[in-house]
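Engineer: Quick check, what structure comes out for this input:
(chains A and B, ligands or ions: 3)
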Amino acid sequence: MSSQMDASGFEIVARQDFSDVTYLLEVRHPLMAKAARAGQFVIVMLNDHGERIPLTIADFDRARGTITLVIQAVGKTTREMQQVCKVGTRLYALAGPMGEPSHIGGQRRVVCVGGGLGVAPIYPQARAYKETGAKVTAVVGFRNKDLVFWEDKFRACCDEVIVCTDDGSAGIKGNVTEGLRQAIAAHPDIEEVVAIGPPVMMKACAETTRPHGIRTVVSLNPIMVDGTGMCGGCRVKIGEGIKFACVDGPDFDAHQVDFDDLMVRLKRFAAVEKAAAEKFEESCRIGRKAGG
Amino acid sequence: MAKRKTIRTIPRERAPVGEQDPQARIRNFDEVTLRFTPEQAQLEASRCIECPRPVCTPGCPVGVDIKGFIAKIAANDLRGAYDVITQTNLLPAVCGRVCPQENQCEGSCVVGNQLAPVAIGRLERYVGDTAIAEGWSSIPYIEPNGFKIGIVGSGPAGMACAADMAKAGCDVTVYEAFHVPGGVLRYGIPDFRLPNSVVDAEIRNLEKLGVKFVCNTLVGRLFTIEQMIDELGFHAVFIGTGAGYPSFMGIPGDNLNGVLSANELLTRCNMMQAKDRGFDTPLPIGARVAVIGAGNTAMDAMRVCRRLGAEEVHCIYRRSRAEAPARIEEVHHAEQEGIDFHWLTAPVAILDDGKGGVRGMRCVRMELGEPDASGRRRPVEVKGSEYEFACDLVVVAIGTNANPIIGQTSKIKLDKRGYIATDADLATSLAGVYAGGDIVTGAATVIKAMGAGRTAALSMKKYLGLRDSDAVYGEPPKPEATLFGLDPAEHNFVRVRTA
Ligand SMILES: Cc1cc2nc3c(=O)[nH]c(=O)nc-3n(C[C@H](O)[C@H](O)[C@H](O)COP(=O)(O)OP(=O)(O)OC[C@H]3O[C@@H](n4cnc5c(N)ncnc54)[C@H](O)[C@@H]3O)c2cc1C
Ligand SMILES: Cc1cc2nc3c(=O)[nH]c(=O)nc-3n(C[C@H](O)[C@H](O)[C@H](O)COP(=O)(O)OP(=O)(O)OC[C@H]3O[C@@H](n4cnc5c(N)ncnc54)[C@H](O)[C@@H]3O)c2cc1C
Ligand code: FES
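Structural biologist: Ligands and ions are numbered 1, 2, ... in the order given. As a prediction, this is how the structure comes out:
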């Protein structure tokens, strides 16, 4: 309604499709490109009837004045965005950067682990560590060779890149914990591990590093609404306490996180989400029939 | 001259006002209390006995000239009534609906000593609604003075400060984190109490004054308060970010999926319009809902659940009805709508249904002991009174804390509880930066937030060396309110003429 920015929205200046479920959007927002730090996220609304969904800032380009989002189409909103977000179209709302930036600096050797929708979000962290002089190993996981993306970007800013695929069609066979184990075996001097991805994967990484006593940070992805600390929907159990992931996080000490609680909370709206996705698919089918 | 009215000559009963039938209204989000008709308003206005020294005005946190505007209504001069109110209160259509009048103006009304007090709130709303319908706004001729003012947060505090600074000739930009402006008026208070159209109208009025609203801007993260002054060229900044950081109870089961804050429920329902067809945000409601707390937020949450189809809605409050902080009218409306009140009851644990959801709560009964710091009698647990209470959704409305973002990202001084520390003029520890509303006082009321916005505006003008002019503000400023102690009649800094 009555805001300058709403009237025009936020322009999508580039798009790239990595697979039939993963796509990249580069959005113009010069101020945000200036402010963004690794570990932060944005809240996006596709249109004025849409949901507010959180997405990690996967990259930012201060010279071009853009931020980059890499999105997996998993439900109604992300699939609709996959269909309608073309270059030149606009997002209705884009707010951020939100969350505390990652605490980067001072570490000499780190491992950055990204799996599934965590591959893109781990990139700015890897780059930021590199910029502060750390030796960086990236472990990135995909289902198979065809889904691999940004390997070149990771190679450009990391000392070592370990690609893992479920079927072994690229890099090593196995999931990212396998890659993480190899990295730990090869480098006894790892000071920090950062892991981003689905909760099961982050939990597995936490359990992999726990016996070694390596400080491990994860970026949590609970369901959010506002992203400003106003609703408490994003609360997560950390140690004995409850934190709001959007303002106290999203980064937390992996060894303190109650992942089971997070996984249960992510299923909070499962039934409604499923119905919405099915309804959306149905309307697409009808739309296609009507159109063709 | 007409004979002075007395308590014996005025109508004894309040003018009746239309209200949606409880059975009908629990199926819609339309307003519960209807607007006065002109006849009803005339009748009610005639109940004001025009005290020579009114006590209602001091009862109002911003000191609206109540006798003055009611006299204008009685004289059928609604435009005049609007001008009287808007000298001090920018948002009559909002305040008429949501102020706790029973503790303020109506609470001190002399008529109330013997009869029902004059329905000041309803009359104020009548004037405000008429102004919206007629498209009136008090827009003076404004001469730009070149000062740039940044306002953080578009709730009532920010809106009031923005209006005053714009009228003084400043270039005002309001930054809001959400995609729509209005603060709690938008995301918290539901349509059946305060329709979004009223909030929209008030915002349009501010836009007519030249105020710019920029949404989707989380100040602190996109740019800091310090950067607003140092880099973005603002000469002064006002922070009105509210206190919307919900508390949970810290009891077992707090994190279950069937437990949510009233803020989350209301945001999904009001701002994200989950209640309306065609909107994507989900909001599943339980069959048996328990709402913890008895403030305005709790009442709103209960009545929203009722409207969204909950079969039973229960209010769980550890004190008694007399201590409930909600407006009396809201408690009354909630009772009419079939909300079950469990006074003197407190939850001690929320029970898991084995699938991550809620199957009930364990509660204890309370009794009232000695008065505590707030002056209300402290609830104490009745030993051995524990019992189980079945429910599938628990809505927590036990209060909010300061939002931490500004504190996390700025060197501004906070008080012990995390709210922004200010002096009596609402100046913060940063030069040129003022704060007011819930982020300074903790959760309070719309009218107090608005009053704070205006106080801060006055201080900002002092800081910038701007003078108030009595063309806009009825009372000429006190000499100490101006930087150089100049004669208020001179109007020599800003020229503000009523067009
Ligand atoms: C801090 C943060 C960063 C994220 N970064 C990325 C990213 O870079 N790329 C990416 O593809 N995804 C990211 N996500 C997840 C993304 O927000 C969800 O996939 C998206 O909201 C799903 O919406 P949908 O309508 O398409 O799917 P739905 O059908 O609504 O949901 C599918 C799944 O997404 C989860 N989800 C639903 N709504 C939300 C919500 N409002 N907030 C969080 N999770 C939700 C649900 O638990 C469900 O399992 C991030 C989430 C968080 C909290
Ligand atoms: C459900 C509910 C019902 C209520 N009912 C009543 C009632 O009947 N009567 C009454 O008098 N009072 C009522 N109140 C209280 C009243 O609404 C508040 O006291 C009042 O709104 C406070 O105004 P404010 O301007 O200080 O803050 P808010 O109204 O909270 O507005 C603050 C705004 O700032 C924005 N913001 C926060 N941080 C940032 C940031 N970093 N950058 C940019 N923007 C930011 C927020 O998104 C929000 O829009 C109610 C409150 C609630 C929650
Ligand atoms: S998303 Fe609402 S508080 Fe974090």
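Engineer: Enumerate the residues of the stretch 151-292 of chain A near ligand 1.
Structural biologist: Within reach of ligand 1 by CB under 6 Å from any ligand atom, the stretch 151-292 of chain A has these residues: A:221-224, A:250, A:266, A:273, A:277. C-beta coordinates here come from the backbone N, C-alpha and C atoms, glycine included.
Engineer: how about a cut-off of 8 Å?
Structural biologist: A:219-225, A:234, A:245-246, A:249-250, A:266-270, A:273-274, A:276-277 (CB under 8 Å from any ligand atom).
Engineer: Buried members of those into PyMOL, please.
Structural biologist: In PyMOL syntax, the buried subset of those is picked out as below (16 or more other CB atoms under 10 Å in any protein chain shown):
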select buried, chain A and resi 219+220+221+222+223+224+225+234+245+246+249+250+268+269+273+276+277
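Engineer: Now do the contacts for the nearest residue to residue B:407 once chain neighbours are set aside.
Structural biologist: Closest residue to residue B:407 apart from its sequence neighbours, by CB to CB, 6 or more residues apart in numbering or on different chains: residue B:414 at 5.0 Å. Contacts for residue B:414 (CB atoms under 8 Å, 6 or more residues apart in numbering or on different chains) come out as B:402, B:407, B:420-421.
Engineer: now the helices for chain A?
Structural biologist: A:4-8, A:30-35, A:76-84, A:119-131, A:151-157, A:176-186, A:199-209, A:245-248, A:259-266, A:270-291 (DSSP state H).
Engineer: Export the contacts of residue B:414 to JSON lines and append columns for secondary structure, neighbour count and distance to ligand 2.
Structural biologist: Putting those into JSON lines (DSSP: H, G, I helix; E, B strand; the rest coil; neighbours: other CB atoms under 10 Å in any protein chain shown; distance: CB to the nearest ligand atom, whole Å) gives the following:
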{"residue": "B:402", "secondary structure": "coil", "neighbour count": "24", "distance to ligand 2": "10"}
{"residue": "B:407", "secondary structure": "helix", "neighbour count": "17", "distance to ligand 2": "10"}
{"residue": "B:420", "secondary structure": "strand", "neighbour count": "28", "distance to ligand 2": "11"}
{"residue": "B:421", "secondary structure": "coil", "neighbour count": "14", "distance to ligand 2": "16"}
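Engineer: Now tabulate these in JSON lines and tack on distance to residue B:42 and pLDDT.
Structural biologist: Putting these into JSON lines (distance: CB to CB, whole Å; pLDDT from 0 to 100) gives the following:
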{"residue": "B:402", "distance to residue B:42": "45", "pLDDT": "89"}
{"residue": "B:407", "distance to residue B:42": "51", "pLDDT": "90"}
{"residue": "B:420", "distance to residue B:42": "45", "pLDDT": "93"}
{"residue": "B:421", "distance to residue B:42": "48", "pLDDT": "91"}
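Engineer: Figure out how far the lengthiest helix in chain B is from the centre of its chain.
Structural biologist: In chain B, assigned by DSSP H, the helix with the most residues is helix B:446-464. The chain centre lies 16 Å from the centre of helix B:446-464; the measure is CA atoms, centre = their mean, to the nearest Å.
Engineer: Is ligand 2 within reach of it?
Structural biologist: Yes - Helix B:446-464 is in contact with ligand 2 by CB under 8 Å from any ligand atom, via B:446-450, B:452-453.
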